[in-house]
Structures are given as structure tokens and as C-alpha cells.
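Novice: here's a sequence, model it:
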Amino acid sequence: MNSTAAIIPLKMNSRRLPNKNFLSLGGIPLCAHVFNSISKVSGVDTYCYCSNPRVMELLPSSIRYLPRDAYYNGDNVRGRELFASAIEKIAGYDHILITHATSPFVRTDSFQAALDFYLSNLDHYDSLIACRKFDKYAWFEGKTLNYDPYEMIQTNSISPIVVETSGFYFFSASHYLSTGSRVGYRPHFWELSYIESLDIDTESDFKEAERVFGLEQIQALVGHHLGESMSKDIDCRLKVSLEKPKLIVFDFDGVLIDSRRCMELAWSATCKQFSVDIDFELFFACVGMKFEDIMRNLDIDHSQWSAFSDTYFQNTCSNYHEVVVFEGVLEGLCDLKSYGYKVAINTSKRLSNTMELISLLFPDIEFDFVCTPDNILSKRGKPAPDSLLLIASTLGIDPADSVYCGDMNVDQQCAIRAGVKYFHAGWGFGDFAQINTIWFECFKDFSNYLLFL
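Specialist: Purely as a prediction, here's the structure:
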């Protein structure tokens, strides 16, 4: 065990910029940038302090998952309480490094140089703080900080203002647990460049980070050299948008209802009846597609398609008692409707099955439109955009004023092709490691986000 532990606190949601830690910057989640940089630092054991274990799918092998009680995600929890809870969990380290996913441009060599300097100068300094220094005329609360306005001097002669960044803090574990402060009595201020000091809290911060990332890529390309941290597959279509939409479209399975057990029982029974040996997980990986497309992908004999699909959907009806509505969905839908939003469903289920489940599970919800492959003239299912375009045009709402909440890759592709904003249901069936857009951990977080726009 090293004497120093690095802690990356990772919150699953945020107020000013929803799910900022997981927004796509250069084609990968924002948090992945600091993961990649700090994972190459030697002499430190690194932990990601997060309440959702699925984040492990994003962690390099050198970074350990440190479980975080959901209590510490609360807006009223102060930073000193959060950090203390993490330090106490990993007792035994002499020194602590705190860094944040919102500082994506801090380089590996900056982490390493700061760590080495801190450990080599403990006789002189008891903490180290990443900062920016400004040789500018500065004021605070109506008073000058570093110059006399009646005796103007050149800016290169004034004392610089030092501003902390979120890049990193080094301090002793014992000092923090006794004082609750990341700053010691003899701190050293480690200056970072403008780019490395960028910290993302708001939408404008994120746009600046996108601009900087783009410029760095251009410079790397001009220099005929792509650094390891540069992504070769940047998805420029995924943008942050905080504009209020008019139409909210939901996928059904995995977003509004948890039907996995029902599908598993129906699939197993159907395969047995047709002497088909296909594991449920292979079928489940295709959920979201039109059923005919699933059968094609799984190489089921085309001559059996009609009977096989009829039997499967009949078997699902026999297991509707296994279907449950996700927590917060009924209340959230009622709130969205009362707030004036149009609410629709876009599913790959058959129309008859869908309407039966809606009648059974959503008796008090009046959906403005329910779209299934049976409604679509082209009969094309997701990821084709036809379903979302049909919903929007039928309700007289522009796709640009619509959002789609899904949980599978086909949902996101459907939204992109239709020109509809996409939000990912983190509580659903999809693969967490493939998420590269705004997402929410639970339905309540998503509905609250829309209600506060």
C-alpha cells in the first residue's frame, strides 16, 4: 500500500448542470478524462467514491471503487462531511489527494510532479493546492485586494491574486480528520495553466471545455501527433441542452415498466415450445428492436416467425403479474401532465399488448400518443426514426421541441436520426458503459429536471 490515497468523489446528479460528470466530452464521459490521467500516476492508490457500483464499468483497472452511501449525494451535505466519510473508509493512509471529474484537463505529469513535490517537501509545507494566479487589479466586496487605486502601478508589479481550482488538493489524513480542512497551516500553491485549471459547473463551463478540447485536437492534428488522451471517435451530435421541450416521449420496457422477469418467462416458454435453444441474455440484448428484427438477428427460422412471435406475446400476457412500474413513474407522469407537457410512449411491443399493460398499470394516466410498430406504415422499428417522427407530427410538435427518454442503444440512435433530444434512463436495461449523453439515475430525477426547466 502506498502512503498516499487519491479520492475522486463522483456524484450521480447535479443541480446546475444535470449529470455533468457523465456528459460526453470528446466522445467519452467527462469523468473518464480524470480517470485516464490519474490512473498513470505512480505512488498513489486511487479510489472513485461513488454511490452507484455501475461506475466500475468505466474505471481503469488501477482505480478502485469505493462505495458511497446515497446520503452523501444530498444537496445539503457539505464537502467536509463527504470527504471525511471517504477518508475514514480507507483508514491507514498518511496523505490524501482529492481531485474531481469536473477538472478534465489536468495532465498526468501535473499530478505526478505535484505529488512528488508534496512528499519531498513535508518539512516546509503541510498541504498543496492547485491554483491560478492573476496579475490583475482585484476587488472584493467593494474594496481593493492588491493595489491602491490612487497610486496606480503596472500589473507586473502588483501581488498576484491566488484562486483555488478543483484540480487537486494534497494534505495529511490526520489534519483533515481533526480540522475538516483540505488546507494546512503551511500550504504550497501549485499553479496550473488556464486549460488545466478549467472547472465545469455550468453549461457555459462545459461549452468552454468543448471549445478547448476541439482546439487541442486541431493542434494535435496539425502537429501530426494525437496524444493518448485524444478520442478518435468524437460524437459532435451530443450537445447539452437545457431548453424546455413541449413533448416527452418514453420508451416502455426498461423506462416506465420493469418487465424483464415477464420477458424471461415468456422467452423460455416460447423457445421450449419451438425447440429453439437461444439463451435469454442473447434475446435481452436485442430488446428495444422490433420483434421481427430480433428474430432475424437471432437467426430464428423465417418460416416460424409468425407462429413464434404470436406465441411469445401470448406467453407475455400470461406473465403480466410479473411486470411492475418503476418507482416514481406514476407520480412523475402525473406531474409532467399537470405541468402542461405532452406525454407519449414509443415501444417495440405489439399494440394490443401495450394497451393491455397500460390499462392494467396506468389506469389514471392519459397518454397523448402510444406508438408501436403496428401504427407505422413503413413497419420500420427502432433505430429507424419513423416512430418518433410519427408521434411528433401527429401531435403537431416539432422534433426539435421534443425529447425521448430511452434505455437502449437503439433508442438513442432513433432519437439522433429523428432530430430529437435524447436522455438516457440510467435505471433501465441498457449498458452503463455505453452511455455518452445526459442520463438520470432514477425517474424522479428525470421528471424533476423537466419540471424545473
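Novice: just checking, next helix/strand downstream of the least confident helix or strand in the chain by mean pLDDT?
Specialist: Within the chain, no helix or strand scores below strand 439-440, which has a mean of 79 by mean pLDDT, DSSP states H and E. The helix or strand immediately downstream of strand 439-440 is helix 443-451, counting by DSSP states H and E.
Novice: how near is Pro160 to Pro104?
Specialist: 25 Å (CB to CB, to the nearest Å). No exception for glycine: its C-beta is placed from N, CA and C like everyone else's.
Novice: for Phe83, same thing?
Specialist: 20 Å.
Novice: what about the two, which has more around it?
Specialist: Pro104 (29 against 23; other CB atoms under 10 Å).
Novice: which ones are touching that one?
Specialist: By CB atoms under 8 Å, 6 or more residues apart in numbering, the contact set of Pro104 is Leu25, Leu30, His33, Val34, Leu198, Ile200, Ala209.
Novice: make JSON lines out of these and add pLDDT.
Specialist: Shown next, in JSON lines, are the contacts of Pro104 (pLDDT from 0 to 100):
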{"residue": "Leu25", "pLDDT": "88"}
{"residue": "Leu30", "pLDDT": "91"}
{"residue": "His33", "pLDDT": "94"}
{"residue": "Val34", "pLDDT": "95"}
{"residue": "Leu198", "pLDDT": "95"}
{"residue": "Ile200", "pLDDT": "94"}
{"residue": "Ala209", "pLDDT": "93"}
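Novice: what is the mean pLDDT for stretch 115-130?
Specialist: Averaging pLDDT along stretch 115-130 gives 97.
Novice: what ranges does this protein have for its helices?
Specialist: Under the criterion DSSP state H, the chain carries helices at the ranges 30-38, 79-89, 108-120, 173-179, 203-222, 260-273, 280-284, 291-297, 305-317, 329-338, 351-361, 386-394, 409-418, 443-451.
Novice: can you tell me which of those helices the model trusts least?
Specialist: If these are sorted by mean pLDDT, helix 203-222 sits at the bottom with a mean of 83.
Novice: buried residues in that helix?
Specialist: Glu203, Asp205, Phe206, Ala209, Glu210, Val212, Phe213, Glu216, Gln217 (16 or more other CB atoms under 10 Å).
Novice: quick check: closest non-adjacent residue to the second one.
Specialist: Counting by CB to CB, 6 or more residues apart in numbering, Asp199 is the residue found nearest to Asp205 once chain neighbours are left out, at 6.9 Å.
Novice: residues touching the one you found, list them.
Specialist: By CB under 8 Å, 6+ apart, the neighbours of Asp199 are His100, Thr102, Ser103, Thr165, Ser166, Gly167, Asp205.
Novice: count the neighbours of the residue nearest to the fourth one when sequence neighbours are not counted for me.
Specialist: Right, Thr165. Distances taken as CB to CB, 6+ apart put Ser197 closest to Thr165, at 4.3 Å, once the chain neighbours are dropped. Neighbour count for Ser197, taken as other CB under 10 Å: 20.
Novice: equivalent analysis for the one 3 residues further on, please.
Specialist: Ile200: 26 surrounding residues under other CB under 10 Å.
Novice: hmm, it is touching Val212, no?
Specialist: No: between Ile200 and Val212 there is no contact under CB atoms under 8 Å: 10.7 Å.
Novice: now, which of the buried residues of helix 203-222 sits nearest Ile391?
Specialist: Ile391 lies nearest to Glu203 out of the buried residues of helix 203-222, by CB to CB, at 27.4 Å.
Novice: hey, C-alpha coordinates of stretch 22-40 in CSV?
Specialist: The C-alpha coordinates for stretch 22-40 follow below in CSV (Å, rounded to 0.1, in the frame of the first residue of the first chain):
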residue,chain,number,x,y,z
PHE,A,22,-21.1,11.8,-17.3
LEU,A,23,-21.6,14.3,-20.2
SER,A,24,-19.8,13.4,-23.4
LEU,A,25,-16.6,15.4,-23.8
GLY,A,26,-14.7,14.3,-26.9
GLY,A,27,-16.8,11.1,-27.2
ILE,A,28,-16.2,9.8,-23.7
PRO,A,29,-17.9,10.6,-20.3
LEU,A,30,-16.4,13.7,-18.6
CYS,A,31,-15.3,11.6,-15.6
ALA,A,32,-13.3,9.3,-17.9
HIS,A,33,-10.8,12.1,-18.6
VAL,A,34,-9.6,12.4,-15.0
PHE,A,35,-9.7,8.6,-14.6
ASN,A,36,-7.4,8.2,-17.6
SER,A,37,-5.0,10.9,-16.4
ILE,A,38,-4.6,9.9,-12.7
SER,A,39,-4.5,6.1,-13.5
LYS,A,40,-1.0,6.6,-14.9
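Novice: which parts of that stretch are buried?
Specialist: For stretch 22-40, by 16+ other CB under 10 Å, it's 22-39.
Novice: ditto for stretch 90-107
Specialist: For stretch 90-107, a neighbour-count test (16+ other CB under 10 Å) marks 90, 93, 95-107 as buried.
Novice: and that stretch, C-alpha only, in CSV?
Specialist: Extracted in CSV, the C-alpha atoms of stretch 90-107 (Å, rounded to 0.1, in the frame of the first residue of the first chain):
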residue,chain,number,x,y,z
ILE,A,90,-9.8,4.0,3.7
ALA,A,91,-8.1,4.4,7.1
GLY,A,92,-4.3,3.7,7.0
TYR,A,93,-3.1,6.3,4.5
ASP,A,94,-0.9,9.1,5.7
HIS,A,95,-1.7,11.5,2.9
ILE,A,96,-4.7,12.3,0.7
LEU,A,97,-5.1,13.6,-2.8
ILE,A,98,-8.6,15.0,-3.7
THR,A,99,-9.4,15.6,-7.4
HIS,A,100,-12.6,16.0,-9.3
ALA,A,101,-14.1,14.8,-12.6
THR,A,102,-15.0,18.4,-13.3
SER,A,103,-11.4,19.2,-14.0
PRO,A,104,-10.9,17.1,-17.1
PHE,A,105,-7.7,18.7,-18.4
VAL,A,106,-5.3,18.1,-15.6
ARG,A,107,-2.4,16.1,-17.1
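Novice: report all helices and strands that the least confident helix or strand of the chain contacts.
Specialist: Under the contact definition 3 or more CB pairs under 8 Å, 6 or more residues apart in numbering; DSSP states H and E, strand 439-440 sits against strand 421-425.
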